[in-house]
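# This is the structure alone, sequence omitted:
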């Protein structure tokens, strides 16, 4: 069976176009990973590089497989009859098995939720220092203060102003930042800039709702001295109405804290 008169040319062409698209995205992600001076941007570019390169490889293999299959000629099944002299009776030939149609395998691309594959589990959200009315948020819970630092806090260490939003750009700029959100299931991002950080500092983050800790963590810093970044919160049960506070400590010192309000749908419409 040749490519002419079959669906194979369309499949080859389609897979080839997709493969070229994935190669272009792979090259773009590679440039971003090489040129970005900041940790968070490099990590995201490297993840996209792995995704696009894997998809491109699968598409190239599919293109080659369909092309080879399309050009593969079917076996000649023309009956051959010969007159044999003084031949013995022969047993009936077994029935020829029918050729199974090959099922084409279409690659399945795993679309990773940006809240899970693009960010380390240790990263949650971060704010700026605001006027905090809930004094319990100023206390670092002991369960989030279990890592001993291996570096000394610098005088120029600072965390920038945090903006809350439900979406961000690839450069970690907030889209429609706000401090009031309606209750429901969504991912809340906190975008910020940091300076003077040192790998080995012990940092902690604690999310609170109405003065009660609901999420947090504690680890050694490993994200470089400066750069843009984001952290997030996505409660499994969704955001309930209440006053939320996020505090960040570095080497036991409160460096940033901020609040946002989640209201009921009825209250948000007033």
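Looks like it arrived, so ask away. Owing to the predicted nature of the structure, the values given are computational and were not obtained by experimental measurement.

# Any chance you could list what contacts stretch 226-235?
37-41, 115, 119, 123-126, 168, 171-172, 185-197, 205, 207, 214-215, 223, 246 (CB atoms under 8 Å, 6 or more residues apart in numbering). The way it works is simple: take the backbone N, C-alpha and C, and place the C-beta from them, glycine included.

# Now do the strands in the stretch 101-250 of the chain.
Using DSSP state E, counting those that start in this stretch, the strands found in the stretch 101-250 of the chain span residues 158-159, 163-165, 167-168, 174-175, 180-182, 188-195, 202-209, 212-220, 227-233, 242-250.

# And the third one, what does it pack against?
Packing contacts for strand 167-168, counted by 3 or more CB pairs under 8 Å, 6 or more residues apart in numbering; DSSP states H and E, involve strand 174-175, strand 188-195.

# Looking at these, which is nearest to residue 46?
Smallest distance to residue 46 across these (CB to CB): 19.9 Å, for strand 188-195.

# quick check: longest strand of this protein.
The longest strand of the chain (DSSP state E) is strand 253-263.

# quick one: strands adjacent to it?
Strand pairing for strand 253-263, using DSSP bridges, gives strand 180-182 (parallel), strand 242-250 (antiparallel).

# Any chance of those in TSV with mean neighbour count and mean pLDDT as columns?
Below are these laid out as TSV (neighbours: other CB atoms under 10 Å; pLDDT from 0 to 100):
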stretch	mean neighbour count	mean pLDDT
strand 180-182	15	95
strand 242-250	23	87
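
# ok so, going back, between the helices and strands packed on strand 167-168, which one is nearest to residue 20?
With CB to CB, the closest approach to residue 20 among these belongs to strand 174-175: 30.7 Å.

# sorry, back to before: now the strands paired with strand 253-263 in JSON lines, with distance to residue 156?
JSON lines is the format used below for the strands paired with strand 253-263 (distance: least, CB to CB, whole Å):
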{"stretch": "strand 180-182", "distance to residue 156": "33"}
{"stretch": "strand 242-250", "distance to residue 156": "12"}
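
# what's the closest of those to residue 14?
Among those, strand 180-182 comes nearest to residue 14, with 42.3 Å by CB to CB.

# chain center to that closest one: distance?
Taking CA atoms, centre = their mean, to the nearest Å, one finds the center of strand 180-182 at 25 Å from the center of the full chain.

# and residue 257, how many residues sit next to it?
Close neighbours of residue 257, defined as other CB atoms under 10 Å, add up to 24.

# What pLDDT does the model give it?
You'll see residue 257 listed with a pLDDT of 82.

# which residue sits closest to it, ignoring its sequence neighbours?
residue 247 (4.4 Å; CB to CB, 6 or more residues apart in numbering).

# do you know how far that neighbour is from residue 59?
Shown here: residue 247 relative to residue 59, a distance of 47 Å by CB to CB, to the nearest Å.

# same check, this time on residue 43
Relative to residue 59, and taking CB to CB, residue 43 is found at 25 Å.

# Neighbour count: those two, which is higher?
residue 59 (22 against 18).

# ok, that one touching residue 17?
No. The pair residue 59 and residue 17 fails to qualify as a contact (CB atoms under 8 Å) at a distance of 9.1 Å.

# burial of the nearest residue to residue 62 once chain neighbours are set aside, as a residue count?
Of all residues not flanking residue 62 in the chain, residue 15 sits nearest, at 5.0 Å (CB to CB, 6+ apart). Counted with other CB under 10 Å, the neighbours of residue 15 add up to 22.

# same thing with residue 143?
Counted with other CB under 10 Å, residue 143 comes out at 12.

# which ones are touching it?
Counted by CB under 8 Å, 6+ apart, residue 143 has contacts 216, 218.

# What of the one 3 residues further on?
By CB under 8 Å, 6+ apart, the residues touching residue 146 are residue 218.

# what does the one 3 residues further on give?
Shown in contact with residue 149 (CB under 8 Å, 6+ apart): 200-202, 220, 251.
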